Every structure is written in C-alpha cells, then in structure tokens.
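Trainee: The following block contains a protein sequence and its predicted model.
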Amino acid sequence: MSVLVVLALGLPALFWPEGLETASALRNAGIDRLLAPPERAEAWRREGWSVTPLTREELAAREALPAPGRLREQVELASATRSPWITANGWRVQRQPGRRYAYRLPAGRAALAAAEAFAYGVDAVLEIDPGDLGALGGMLTFLSGLEASTLPATADFAVVDDGSPVTGEVMNLLARRNLLYEVVSAPSLRFTLNVQPGSARYPLDEAANPAAFALRIRRELGDDARSLRVYGSEVVLGRLTAKASRARLHLLNYGGRPIDALRIRVKGTWPEGEALVPGLGHVKLLDHVVRDGATEFTLPVLDVYAVVDLRPLPVATHLRPGSQFRR
C-alpha cells in the first residue's frame, strides 16, 4: 500500500514507530491514521488503526525539512539584524515542488509543522516527540474539517532560480517579508518584475546581503501593489491563494506565542469573509473594510495557524432594486 493512501486527504502523516502500549495515548489524541514500521503495522491494524507500512529507508529517502519555528533567543542576539530569526519552509517547497518531505521534530513543533505542510500542499511525513501527540491530534482534526481548496497561489513577481545558495537565501528573506513570488527557471513575461540574482540588474554582491536585497525588491514592487501585507509582526507568514470568486489566506505563526489583533491587508475587493482557528472554530473578522482596491481586517487571535476565507459580494447584491435575477 502506498503512503499516498494515508495522504489522500491532503493531510501530513504521522510516522509512529512505537508499539501497542501507546494505543491509549493515540486514542486520546484522536489519531487513527498512522505510518508504522512494517513489523508493527499489522498489529496496529488489528487494533483498528488505518496503517500504512513505511520503512526507515523510505523515510530517509524523503527530503528532510528543518523544524519550523523561532530560533533560540541567544542565537538572535548574535545576529546582525534585530529581526527575530525564524525557520520557515515555504520557500523550500516552492523551490522544489512535487517532492516528498519529512520532518523530524523536537518537542513543541508538531502542530506548526503539520499546519505548514498543509498550507503549502506538500506530501509530508512527521516524526514527532511523543509529548506532542495531543497538539498534533488537535491540529490534524482541525485540518481534516476544512473545506478542500485547490485555489492557485498568488504571486506578485517572479524569482529566477539558478539553484545557488545565494538565491535560496534571497527567496527565504523575501518569503519572511511576505513578498509573494513564483519560482521560475527563466524570466517570465507574465510578470513585470523578474528578480534574477547574478544578472546585471541584480548583481551577486547585492544579493549577498539578503535582508537589504529583500528591502530593495519591496521598494521596487511598491507596497500598494503587494497582494498581502501583515502589519505589526515579523513572525507571521502568509500564503495567499485566490481566483476571482474566492480567496483563501493561510496564516502561520512561527513566533511560539499567541498574537492578539493581527491586522492584515489583501489586495482586491473581498467584503465577505471569516476566519477558522484551531480550538475556536469560526471567528469573525474585526474592522473589515474595503477601500482603494484592497481589503483590510483584524484577526482577533492567532496562536499557531488560521485560515481566512474571503469572498466578493454575491452577484445578486449588485442588481438594481426591482431587477430580476435570471438563472
């Protein structure tokens, strides 16, 4: 049986090498789907779990992703920038789409890793600290209840990827500034701005300072042209997907602490919307306004992850009084 069977719902999968003595912990966490070593898979299956065998060799063959989240404070103090340093993997999976990934996670990172994998739609297996079963189970339950979405990712410009570490770090810093881009192998006519480190316009000596380089790209793009802006936080990253009839914004908090009253701006006219937050369910957006071709709102609270679904007004609301809506 393929691992894809377990991932059919679009959810990250838990690799669980432990034995049946941990069954009650899994039940309490609400986890009923597992990847397990072949020698344990049948025993788990007999106990009622949906199990797919996965060898250690198959797990090791996957592309390893670092644990997402904020780095230790002492590392930040030694940094050349006052901005908090976080590890986020969105730019990595954008750079290598279609690959199979694995997270090996320390304590406290399982829920964020699951949300990150879901937000970017990747095939991911999670190996977690046993103490995170409850947090992971809660996140997987939340993710499984979300309406499926295949909306295309939004991008404001292109980054021409030559595969070099310098370009990778540029993509990392651009993503951390919530500058939405598409990774391309050559300049694309679909974008007026193509960022190609090493070109005459973007020489490598400039790209070698990714923070300053990202600021330059932000200025060239212009804040009014940005599809997404997150105000007041340097640890929240967004992935915006949209088409004319709907937008979905994934918000990931890499800071390790809940954030109250997060202000968001999304380009476009989206007068209707709501947030879905783990543990809270449907949450009303506050101070939701549409003006100057953009939509702004406040998310009351963000712990690890939230999904914001936005919609235009129904067609019928645009009709003149007394007019008939024809099917």
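Mentor: Nice, I can see it.
Trainee: And the chain, what are its domain boundaries?
Mentor: For the chain, automatic domain parsing gives the domain ranges 3-144, 157-225, 228-311.
Trainee: how about the strands in the stretch 201-327 of the chain?
Mentor: Counting by DSSP state E, counting those that start in this stretch, one finds strands in the stretch 201-327 of the chain at the ranges 228-231, 236-243, 246-253, 259-267, 272-277, 281-283, 286-291, 294-302, 305-311.
Trainee: Output those in a markdown table; the columns should cover mean neighbour count and distance to residue 18.
Mentor: (Each C-beta comes from the backbone N, C-alpha and C, glycine too.) Shown next, in a markdown table, are the strands of the stretch 201-327 of the chain (neighbours: other C-beta atoms under 10 Å; distance: least, C-beta to C-beta, whole Å):
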| stretch | mean neighbour count | distance to residue 18 |
| --- | --- | --- |
| strand 228-231 | 18 | 38 |
| strand 236-243 | 20 | 32 |
| strand 246-253 | 23 | 28 |
| strand 259-267 | 18 | 34 |
| strand 272-277 | 19 | 30 |
| strand 281-283 | 12 | 31 |
| strand 286-291 | 12 | 43 |
| strand 294-302 | 19 | 32 |
| strand 305-311 | 21 | 26 |
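Trainee: do you know which of the domains of the chain lies nearest residue 151?
Mentor: Counting by C-beta to C-beta, residue 151 lies closest to domain 228-311 out of those; the figure is 3.7 Å.
Trainee: Quick one: distance of the closest one to the chain centre.
Mentor: Computed by C-alpha atoms, centre = their mean, to the nearest Å, the chain-centroid distance of domain 228-311 equals 13 Å.
Trainee: cool, and stretch 46-56?
Mentor: The answer for stretch 46-56 is 27 Å, by C-alpha atoms, centre = their mean.
Trainee: Tabulate the CA atom coordinates of that stretch in PDB.
Mentor: C-alpha atoms of stretch 46-56 as PDB (Å, rounded to 0.1, in the frame of the first residue of the first chain):
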ATOM      1  CA  ARG A  46      -5.700  -5.400  14.100                       C
ATOM      2  CA  GLU A  47      -6.400  -2.900  16.800                       C
ATOM      3  CA  GLY A  48      -8.400  -0.700  14.500                       C
ATOM      4  CA  TRP A  49      -6.000   1.800  13.200                       C
ATOM      5  CA  SER A  50      -5.600   2.700   9.500                       C
ATOM      6  CA  VAL A  51      -2.000   1.900   8.900                       C
ATOM      7  CA  THR A  52       0.400   2.200   6.000                       C
ATOM      8  CA  PRO A  53       3.800   0.400   6.400                       C
ATOM      9  CA  LEU A  54       6.800   2.700   6.000                       C
ATOM     10  CA  THR A  55      10.400   1.600   6.400                       C
ATOM     11  CA  ARG A  56      13.200   3.700   7.900                       C
END
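Trainee: Give me the mean pLDDT for it.
Mentor: In this model, stretch 46-56 carries a mean pLDDT of 94.
Trainee: And for stretch 193-201?
Mentor: On average, stretch 193-201 scores 95.
Trainee: if we can go back for a sec, okay, the domains of the chain in a markdown table with distance to residue 150 next?
Mentor: Putting the domains of the chain into a markdown table (distance: least, C-beta to C-beta, whole Å) gives the following:
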| stretch | distance to residue 150 |
| --- | --- |
| domain 3-144 | 9 |
| domain 157-225 | 17 |
| domain 228-311 | 9 |
